[in-house]
Every structure is written in C-alpha cells, then in structure tokens.
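# Starting from these lines, generate the structure:
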Amino acid sequence: MLCPCGSNTEYKKCCEPLILKKINAESPEQLMRSRYSAYALKHSEYIYETYSNASKKLQSLKDIAIWAKQTDWLNLRILNTSEYEHNSTPTVTFEALYKNNGIFYKMSEKSAFIKEEGFWRYVDGSQVNFNELAMPKRNDECFCLSGKKYKKCCAK
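Now for the predicted structure:
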C-alpha cells in the first residue's frame, strides 16, 4: 500500500516506522507527513503524542480519536518547508483534502514545529483555512488522486 502522505513510497517504508515508534522524525516535514498518515489511518495516539508538551495540554485524545474517525483524508500536498537546522520554530505549509460528514473540504495550514527533548513536535497551525468544495460529478477525477473517476473510487 502506498503511504497516505503522498510520498509515492510504500507505507511500510515511509510513515509506518514513525507511527509504530521504530524511528523518530528527522525533520518537521517528515513529522507533518507522518501525522497526516496517522490521521488518515486513525492512529490518534500518535497524533496526540507528537504534539509539543504545551500544545498537548490543550488537546484531548478522545477528541482527536473522534475527529479522526469521522474524517476521511484524501490527499496531502506540501507547499513549502522552511529551513529547520538553525530555525527555532520551523514551518511546513500544506493543503489537504478531506471528507467529513459527506462534505468535501480543502484545508490549508502553516504548521509550526519545535524540537523538544530531542524529538520534533507539532506546536500549532497559523493561516488555517477550511474551504468547502463542490461535490465532484460522477465522471470527475477523484479528489484522492487515485486517477480513477469519482464514481469508481470515493463515491462507493
């Protein structure tokens, strides 16, 4: 199976080792991609654990699990990644398409990260936008980028 993060790499070689805690993210972008994959595959504990300590206090594992369960993540596109070697709060700007309660959305966010206790952690997002998308027509290309028509893919 290809990794949900859009890397065109097998999940087992991409985000799975991070989500299973076999390796640690080496960059903010790698953490961002693994968090997206965790949302797509409903690994709410990983999502919670990769928040910064300060941000974790504002989160609930239960709420993360509910959101993950209700949402089908369709694709991720990384737009920009800031330099992170000498940056105290590097960022990753992305767009993600998802379906929640039968409605399609495009989310864009500039995510901030910090290195905490030797691990990359997600702090928060700024410039966050959620735009509702028109329902694709039956013969439109599917939002998940499978290359299939909507009627033969996510419409099922």
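# Look at the residue nearest the centre of the chain and tell me its secondary structure.
Central residue of the chain (Cα atoms, centre = their mean): residue 36, 1.9 Å from the mean position. Three-state assignment for residue 36 (DSSP: H, G, I helix; E, B strand; the rest coil): helix.
# My understanding was that it contacts residue 98; is that so?
No. Under the criterion of Cβ atoms under 8 Å, residue 36 is not in contact with residue 98, lying 10.0 Å apart. Glycine gets a C-beta too; all of them are placed from N, C-alpha and C.
# Determine the residues that are contacts of both of the two.
Counting by Cβ atoms under 8 Å, 6 or more residues apart in numbering, the common neighbours of residue 36 and residue 98 are residue 73.
# which residues sit against stretch 76-87?
4-6, 27-29, 32-33, 36, 90-96, 108, 113.
# So which of these are in helices?
28-29, 32-33, 36 (DSSP state H).
# and residue 51, what does it touch?
So residue 51 contacts 59, 121-123 (Cβ under 8 Å, 6+ apart).
# could you dump those to TSV with secondary structure and pLDDT?
Listed next are those as TSV, based on DSSP: H, G, I helix; E, B strand; the rest coil; pLDDT from 0 to 100:
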residue	secondary structure	pLDDT
59	coil	92
121	strand	97
122	strand	97
123	strand	96
